[in-house]
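S.K.: return a 3D structure for these sequence lines:
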Amino acid sequence: MEIKQIVYFLAVVDTGSFSAAAEELYMSQSSLSKQIMALEKELGFSLFDRSKRKISLTSAAKVFLPHARRIKDEYYSMLANVAPFKTSPSLSIIAIPVIAQYGIPSYIAQFKQAYPTVQLTVEEREASVILPALSSHQFDLAFVRDNYLDRSQFDYVVVARDKLKAILPRQHRLAERKQISLIELANENFIMFDKGTVVHELIMDACRSAGFEPRIFYASLRVESILGLVASNSGVALMMEKVVEYHQHPNIVDVPLAETISSNLVLAWSKHHQLSEEAKSFIAIIQKDSNRIN
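M.R.: Reported below is the predicted structural model:
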């Protein structure tokens, strides 16, 4: 039995499907299925009832599940605890997909130049998987948004301050306005980021606070798709100011909101995980800029 097989099994359980788990794990569905079948063969029983459209755990799998979670947690905890004794230093970072928009490559370049012998890995994932991965010591540090971040579990340093703006097609009736209140968009079609992203939840909460439920016309994980649909006059969007500035789409306008809805990008780490010297060094690079930001 390999630890990766247990990780794959738990990914299927937590996402609810092989296809979603494969996407989260950045592997093909067929490869994932083969790994799960290999685990089932070694265990001597089936883990999933595949006879229905929605997969479900077998009785044996329900007994196996808590053991699998403990094995995974212990494995990553072990790696974290022995990290200071490794002869070849390493640093693993997980990030929401905004590395380019917020200038993170420059921090990575600074670190690599200062510490060329450190094996640095950076992975982009969706927000919903980042904090659990950080808590279970799969990664040392994480670039995430500070909204909904549990301060009792995580420490952080601010990388960039940002806020939502209204994104409209150039021919929109409000495109020439200097400022827009959220309630003025209540009857519009919204082009949104997918569920599971912090920005999606932030927008939903903001609209509800303004007194309406946004009418979602389309949802996507890709900034380019959202901007393209807004430009085609299919609806409006709310998006972070720095993300809009980075993409500079010619056929949309961004208008400030009357309400200030902030979302800061931060570098976070678990309070319950002893930081390696490499992690502390990377944090120090961010803190130099953070002092300027604050």
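
S.K.: host element of Thr121?
M.R.: strand 119-124 (DSSP states H and E).

S.K.: and Tyr246, by the same measure?
M.R.: Using DSSP H and E, Tyr246 sits within helix 241-247.

S.K.: ok, Leu134 next?
M.R.: helix 127-135.

S.K.: do the same with Leu65
M.R.: helix 59-82.

S.K.: what mean pLDDT does the helix holding Leu134 have?
M.R.: Mean per-residue pLDDT for helix 127-135: 83.

S.K.: kindly format the C-alpha coordinates of that helix as PDB.
M.R.: Taking Å, rounded to 0.1, in the frame of the first residue of the first chain, the C-alpha atoms of helix 127-135 are listed here in PDB:
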ATOM      1  CA  ALA A 127      -9.000  27.900  -2.800                       C
ATOM      2  CA  SER A 128     -11.200  25.100  -1.400                       C
ATOM      3  CA  VAL A 129      -8.300  22.600  -1.200                       C
ATOM      4  CA  ILE A 130      -5.500  25.000  -0.100                       C
ATOM      5  CA  LEU A 131      -6.100  25.400   3.600                       C
ATOM      6  CA  PRO A 132      -6.800  21.700   4.300                       C
ATOM      7  CA  ALA A 133      -3.600  20.900   2.500                       C
ATOM      8  CA  LEU A 134      -1.700  23.500   4.600                       C
ATOM      9  CA  SER A 135      -3.300  22.200   7.800                       C
END
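
S.K.: hmm, who's touching that helix?
M.R.: Applying CB atoms under 8 Å, 6 or more residues apart in numbering, the contact partners of helix 127-135 are 24, 94-96, 125, 139, 141-142, 144-145, 149-150, 153-154, 196-198, 268-270, 272. From N, CA and C alone the C-beta is placed, and that goes for glycine too.

S.K.: for stretch 41-52, same thing?
M.R.: 1, 9, 12, 36, 39-40, 55-58, 60-61, 64.

S.K.: so how far is the first residue of that stretch from its last?
M.R.: This stretch, stretch 41-52, spans 21 Å end to end (CA to CA, to the nearest Å).

S.K.: ok now it, how far from the chain's centre?
M.R.: Centre-to-centre, stretch 41-52 and its host chain are 31 Å apart (CA atoms, centre = their mean, to the nearest Å).

S.K.: and it, what's buried?
M.R.: Neighbour-count burial for stretch 41-52 flags Ser46, Leu47, Phe48 (criterion: 16 or more other CB atoms under 10 Å).

S.K.: now, the residues you listed that are in strands?
M.R.: Counted as lying in strands by DSSP state E, out of the buried residues of stretch 41-52, are Phe48.

S.K.: residue ranges for the strands of this structure, please.
M.R.: 48-49, 56-57, 90-95, 119-124, 141-145, 154-160, 164-169, 189-193, 215-220, 237-240, 252-256, 265-270.

S.K.: now render the ones you listed as JSON lines, adding distance to Ile226 and mean pLDDT.
M.R.: Listed next are the strands of the chain as JSON lines, based on distance: least, CB to CB, whole Å; pLDDT from 0 to 100:
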{"stretch": "strand 48-49", "distance to Ile226": "35", "mean pLDDT": "90"}
{"stretch": "strand 56-57", "distance to Ile226": "35", "mean pLDDT": "90"}
{"stretch": "strand 90-95", "distance to Ile226": "20", "mean pLDDT": "92"}
{"stretch": "strand 119-124", "distance to Ile226": "17", "mean pLDDT": "91"}
{"stretch": "strand 141-145", "distance to Ile226": "17", "mean pLDDT": "95"}
{"stretch": "strand 154-160", "distance to Ile226": "20", "mean pLDDT": "94"}
{"stretch": "strand 164-169", "distance to Ile226": "8", "mean pLDDT": "96"}
{"stretch": "strand 189-193", "distance to Ile226": "5", "mean pLDDT": "94"}
{"stretch": "strand 215-220", "distance to Ile226": "6", "mean pLDDT": "92"}
{"stretch": "strand 237-240", "distance to Ile226": "5", "mean pLDDT": "95"}
{"stretch": "strand 252-256", "distance to Ile226": "10", "mean pLDDT": "95"}
{"stretch": "strand 265-270", "distance to Ile226": "18", "mean pLDDT": "94"}
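
S.K.: I appreciate the help and will end here.
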